[in-house]
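Chemist: Next comes the sequence, and after it the predicted model I'd like to discuss.
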Amino acid sequence: MTIKAVDVARILFFYLIIGSIVLFSPLGPVPSYLLIIVLSLTFMLVSGIELRRGNPIVGIVTAAVAMAAVFLIILAAGGFSIDGLRPGFANALLWGAVLQLFVATGEELSFRHYLFADLDRLAGRKTAAIISSMGFAAMHLPSLYFLHAGMIEAGIALATIFIASIVMTMLFIKAGLLAAIGYHFTWNFLQYHVFSFSHMDAALEITKTGSDLVNGGTFGPEASVPGLIVVAATLAAVWYYYSWKERRAEHNEDSNQSS
């Protein structure tokens, strides 16, 4: 399929708008992501991309298991100690749920349901997954810079985020938008607002100890070796699960035809 200049310009223009909102919007996080949601839906409408809602359960469960594994591995490796619950943690959890719902919805609508879907029609599924995931990882470069992540930790974080984006793309393809949103929301909510792996208000009070390669340093577990390993294992597990489902469906279809 020949990719037209107007298609490339549309995608680059969208990415530029999204990046500008994330980096420079004075509106605050929730209004900014609400704007991203509206823009994503508008570009989808113009491009003729139909909304694929899907089911969030598989994404929620996958992310919960993965983040719990990261938490336990880093804890066992001495990457942090738990000091107890923070005062007013219920408010932190409530605000975190609202914030991450807007973040997950905005980023999945933009990167999965518009950018990936549009690129999929223009360049094919594998190319679309790689390019959109590279863009998704690149969006985190300013955070890595402002949080003063080291070069090694930044490299690990970009690799982890890229692989996580592939996971969410696969969930979007196989189970719809809500599966990708469920994964994104649960991963962020647990990471930032339950396990306190960042500068945001969270339920647990923790003290980071040991190497940044173990606990991710200022950026959190996405910049850690355990985080990278768990996300890579998650990708393998999700791929195997859906491959198994497809083989099982083909087997059942063959059995029905032969009976």
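Modeler: Now that the structure is in, tell me what you want to look at.
Chemist: per-residue pLDDT, residue 223?
Modeler: For residue 223, the model assigns a pLDDT of 95.
Chemist: sec struct for residue 217, please.
Modeler: coil (DSSP: H, G, I helix; E, B strand; the rest coil).
Chemist: mind checking how far it is from residue 149?
Modeler: 6 Å (C-beta to C-beta, to the nearest Å). Every residue, glycine included, has its C-beta placed from N, CA and C.
Chemist: do the same with residue 208
Modeler: In terms of C-beta to C-beta, residue 208 sits 14 Å off from residue 149.
Chemist: who's more crowded, these two?
Modeler: Legend: neighbour count by other C-beta atoms under 10 Å for residue 208 and residue 149, higher for residue 149 (25 against 18).
Chemist: contacting residues for the more buried one?
Modeler: 157, 217-219, 223 (C-beta atoms under 8 Å, 6 or more residues apart in numbering).
Chemist: Now for those: which two are most distant?
Modeler: 157 and 218 (10.5 Å; C-beta to C-beta).
Chemist: neighbour count winner among the two?
Modeler: Legend: neighbour count by other C-beta under 10 Å for residue 157 and residue 218, higher for residue 157 (27 against 18).
Chemist: for the more buried one, what are its contacts?
Modeler: 140, 144, 149, 216, 219, 222-223.
Chemist: what's the farthest-apart pair in these?
Modeler: Taking C-beta to C-beta, the two most distant members of those are 140 and 216; they sit 12.8 Å apart.
Chemist: quick one, which of those two is more surrounded?
Modeler: residue 216 (30 against 20).
Chemist: Give me the phi and psi for the more buried one.
Modeler: Main-chain dihedrals, residue 216, degrees, to the nearest 10: phi 90, psi 0.
Chemist: Residue 202 too?
Modeler: phi -140, psi 170.
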